[in-house]
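In: Here is my input, please return the structure:
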Amino acid sequence: MSRTKGEKKAIAKKLLHKYRLVILNEDTFEERVSFKLTRLNVFILVGISAIVLIALTTLLIAFTPLREYIPGYSSTKLKKQAFDLKRKTDSLATVIAINDQQYASIKKVLTGDLKTIEFNKDSIQDKEIEVADITIQPSKEDSLLRATVEAQDKYNLFETATRSADFALFPPVKGMITAGFDSDSKHYAVDVVTEKDEPVKAAADGTVIFASWTADTGHVIIIEHQNDLITAYKHNASLSKQQGDLVKAGEVIAIVGNTGELTTGPHLHFELWNNGYPINPINYIDFK
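Out: Numbers count the residues shown, from 1 in each chain. Here you go, the predicted structure:
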């Protein structure tokens with residue numbers, strides 16, 4: 001139903017009808033500020049204010065970091081930050097895993113805590129009997145060759161000649177062995193008596209993974225080498241290397257001493273570990 005001409009004039013008159021907005025002093029009723037307004041002016045002012053407010057809010061969100069707080073919003077910068085954080089987390093997890101393995105190895109060396117390995121003694125005995133029943137007479141040339149090879153490989157830590165050529169063990173000190181390797185008493189080392197203040201040398205190239213003081217064994221230094229080999233030097237008077245240092249075979253790393261509760265005189269307590277298990281050092285190093 002269309003409006004009549006009179007109704008349109010009435011609506012226009014209402015929109016253009018003037019009103020006065022007056023601000024008075026409550027006590028004196030003195031007029032302070034007054035505004036002449038029409039309903040049309042009010043509608044226009046409110047509409048413009050709303051448009052400006054929406055525009056400012058849009059600009060504020062679009063060009064400031066506030067947009068990152070909007071749920072579901074994703075930007076290239078945020079994705080890159082998330083990727084970098086994930087990569088750093090993975091790297092830290094790898095470092096923690098490596099450190100845990102290293103700490104486990106150090107703990108074994110310091111405490112001598114080993115897992116018991118069970119062998120089938122009956123099967124070993126049967127094999128020995130079978131071999132004993134076989135009689136083989138080696139030739140003179142074969143005997144000479146065997147003696148030569150045994151002399152060359154006396155201190156070979158590895159099974160193949162190729163690997164042993166790449167890796168040799170240097171005697172940390174020279175002296176008399178007063179206590180040998182004994183797994184029954186959990187003495188996984190050799191005690192070498194030498195002159196006090198004699199230099200202790202690295203048995204092979206490697207990285208120092210522990211260099212500190214312990215109550216039982218005094219100044220201790222532990223070196224990690226290639227082929228899962230670890231050497232430990234205990235009861236030192238002082239240490240010349242720190243954790244993380246790279247050392248060469250024959251390089252001085254400590255001074256022979258008599259530190260710690262488990263010592264009765266100046267000597268070097270030397271341990272050799274391979275794949276987390278102790279092995280007898282005199283089989284691979286000549287301390288004389």
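In: Buried residues, the host helix or strand of I96. List them.
Out: With elements taken from DSSP states H and E, the one containing I96 is helix 76-111. For helix 76-111, burial by neighbour count (16 or more other CB atoms under 10 Å) applies to 102, 105-106, 108-110. In this view, the C-beta of every residue, glycine as well, is placed from N, C-alpha and C.
In: Centre of the chain to that helix, how far?
Out: Computed by CA atoms, centre = their mean, to the nearest Å, the chain-centroid distance of helix 76-111 equals 5 Å.
In: Which other helices and strands does that helix contact?
Out: Contact partners of helix 76-111 among helices and strands, from 3 or more CB pairs under 8 Å, 6 or more residues apart in numbering; DSSP states H and E: strand 206-214, strand 218-225, strand 229-239, strand 267-274.
In: where in the stretch 1-150 of the chain is pLDDT low?
Out: Within the stretch 1-150 of the chain, the segments meeting pLDDT under 70 span 1-3, 67-76, 108, 111-150.
In: tell me the angle of the helix holding I96 relative to strand 229-239?
Out: 80 degrees (axes from the mean of the first three to the mean of the last three CA atoms, to 10 degrees).
In: before we move on, the earlier item: any chance of the helices and strands packed on helix 76-111 in JSON lines with mean pLDDT as columns?
Out: Listed next are those as JSON lines, based on pLDDT from 0 to 100:
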{"stretch": "strand 206-214", "mean pLDDT": "92"}
{"stretch": "strand 218-225", "mean pLDDT": "94"}
{"stretch": "strand 229-239", "mean pLDDT": "94"}
{"stretch": "strand 267-274", "mean pLDDT": "93"}
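In: Let me have those strands in CSV, extended by distance to K14 and mean neighbour count.
Out: Putting the helices and strands packed on helix 76-111 into CSV (distance: least, CB to CB, whole Å; neighbours: other CB atoms under 10 Å) gives the following:
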stretch, distance to K14, mean neighbour count
strand 206-214, 91, 17
strand 218-225, 93, 22
strand 229-239, 97, 23
strand 267-274, 99, 23
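In: So which of those is nearest E198?
Out: With CB to CB as the criterion, E198 lies closest to strand 267-274 of the helices and strands packed on helix 76-111, at 8.2 Å.
In: Can you name the helix or strand that the closest residue to R32 other than its chain neighbours falls in?
Out: Closest residue to R32 in three dimensions, ignoring its sequence neighbours and counting by CB to CB, 6 or more residues apart in numbering: I23, at 4.9 Å. Element membership of I23 [criterion: DSSP H and E] is strand 18-24.
In: what does that strand contact?
Out: With contact meaning CB atoms under 8 Å, 6 or more residues apart in numbering, strand 18-24 is reached by 30-39.
In: Apply 10 Å and report the result again.
Out: For strand 18-24, the surrounding residues in contact (CB atoms under 10 Å, 6 or more residues apart in numbering) are 30-39, 41-42.
In: which ones among those are found in strands?
Out: In strands, defined here by DSSP state E, the members of those are 31-38.
In: export those to JSON lines and tack on neighbour count and distance to Y19?
Out: Below are the ones in strands among the contacts of strand 18-24 laid out as JSON lines (neighbours: other CB atoms under 10 Å; distance: CB to CB, whole Å):
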{"residue": "E31", "neighbour count": "11", "distance to Y19": "15"}
{"residue": "R32", "neighbour count": "9", "distance to Y19": "17"}
{"residue": "V33", "neighbour count": "8", "distance to Y19": "14"}
{"residue": "S34", "neighbour count": "11", "distance to Y19": "11"}
{"residue": "F35", "neighbour count": "10", "distance to Y19": "9"}
{"residue": "K36", "neighbour count": "9", "distance to Y19": "7"}
{"residue": "L37", "neighbour count": "14", "distance to Y19": "5"}
{"residue": "T38", "neighbour count": "14", "distance to Y19": "7"}
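In: okay, and for the stretch 151-288 of the chain, where does confidence drop off?
Out: Using pLDDT under 70, the stretch 151-288 of the chain drops low at 151-167.
In: again, 90 this time
Out: Within the stretch 151-288 of the chain, the segments meeting pLDDT under 90 span 151-169, 183-187, 195-197, 216, 226-228, 262-265, 274-277, 284, 286-288.
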